[in-house]
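Build the 3D model from these lines:
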Amino acid sequence: MESKRASDLMIPLSDYPHMPYWFTLRQAMATLRSSRIEVAGKVSLPRAFLVFNEAYELLGVVRRRDILRGLEPQFLEQKRQTYPRKLFPVKTDPDLLELGDGKVADRIKERAERPVGDVMQPIKVTLEHDDHLMKIIYEMVENNLSMIPVLQDGSVVGVVRSVDVLDEVSKLVL
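Here you go, the predicted model:
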């Protein structure tokens, strides 16, 4: 079996969810809910999407957990900065009374109007379209990534996901 390259394994950008940094978390949730990715007859839901600027330059990535983090009430966001390992640093927190006052849905809806640029993560690594399967595996493992954007001539042309890489490796092994 011939060794695969990033271009062989990637999902084209046209088939992968992406949006500008000014779209809201609400718009991001709607996009993720309606997106489906089909690879080799298998359909899956995206775990993340790419974020671009006005010039269609790649800025970052937003994962599902980044959206959830962006919807947290502000007092929890501040607690995370103070207590990075524990979301709730004590058993009883008087700020938690804010959660019980019946306004949670309204506060989440307010927070959902934040731009995705507020919660996006920087891109740690990119691949070139002709990068070898072993380089893809190395970058994913070394950088703890489940998705890496693929570039050709400096522009994003797609993404490679770990699920697709593992599927390709399993064809070699099994």
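
can you give me the strands for this protein?
Under the criterion DSSP state E, the chain carries strands at the ranges 11-12, 18-20, 37-39, 42-44, 48-52, 58-63, 121-122, 127-128, 147-152, 155-161.

what's in contact with stretch 154-165?
Around stretch 154-165, the neighbours that count as contacts under CB atoms under 8 Å, 6 or more residues apart in numbering are 6-7, 9-13, 15-16, 39, 44, 50, 52, 56, 58, 126-127, 129, 133, 136-137, 140, 145-151. Where you see a C-beta, it was placed from the backbone N, CA and C, and this is true even at glycine.

List buried residues within the residues you listed.
Buried members of the contacts of stretch 154-165, counted by 16 or more other CB atoms under 10 Å: 6-7, 9-11, 13, 16, 50, 52, 58, 126-127, 129, 133, 136, 140, 145, 147-151.

got the contact list for residue 39?
11, 164, 167.

Look at the closest residue to the last one other than its chain neighbours and say how many residues are nearby.
To tie it back to what came earlier, the one meant is residue 167. Closest residue to residue 167 apart from its sequence neighbours, by CB to CB, 6 or more residues apart in numbering: residue 40 at 7.5 Å. Neighbourhood size, residue 40 [other CB atoms under 10 Å]: 7.

want to try TSV for the contacts of residue 39, with pLDDT and distance to residue 118 as columns?
Converted to TSV, the contacts of residue 39 look like this (pLDDT from 0 to 100; distance: CB to CB, whole Å):
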residue	pLDDT	distance to residue 118
11	95	26
164	93	29
167	91	34
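
nearest to residue 174, of the residues you listed?
For those, the minimum distance to residue 174 (CB to CB) is 10.3 Å, reached by residue 167.

Low-confidence bits of the protein, can you list those?
In the predicted model, the chain carries pLDDT under 70 at residues 1-2, 74-102.

Can you give me the buried ones in stretch 156-166?
Neighbour count says stretch 156-166 has 156, 157, 158, 159, 160, 161, 162, 164, 165 buried, by 16+ other CB under 10 Å.

could you redo those residues as CSV and give each row distance to residue 20?
Listed next are these as CSV, based on distance: CB to CB, whole Å:
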residue, distance to residue 20
156, 13
157, 18
158, 18
159, 17
160, 23
161, 22
162, 26
164, 26
165, 28
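
got the contact list for the closest residue to residue 63 other than its chain neighbours?
Nearest residue to residue 63 in three dimensions, chain neighbours excluded: residue 48, at 4.3 Å (CB to CB, 6+ apart). If you count contacts by CB under 8 Å, 6+ apart, residue 48 has them with 61, 62, 63, 64, 146, 147.
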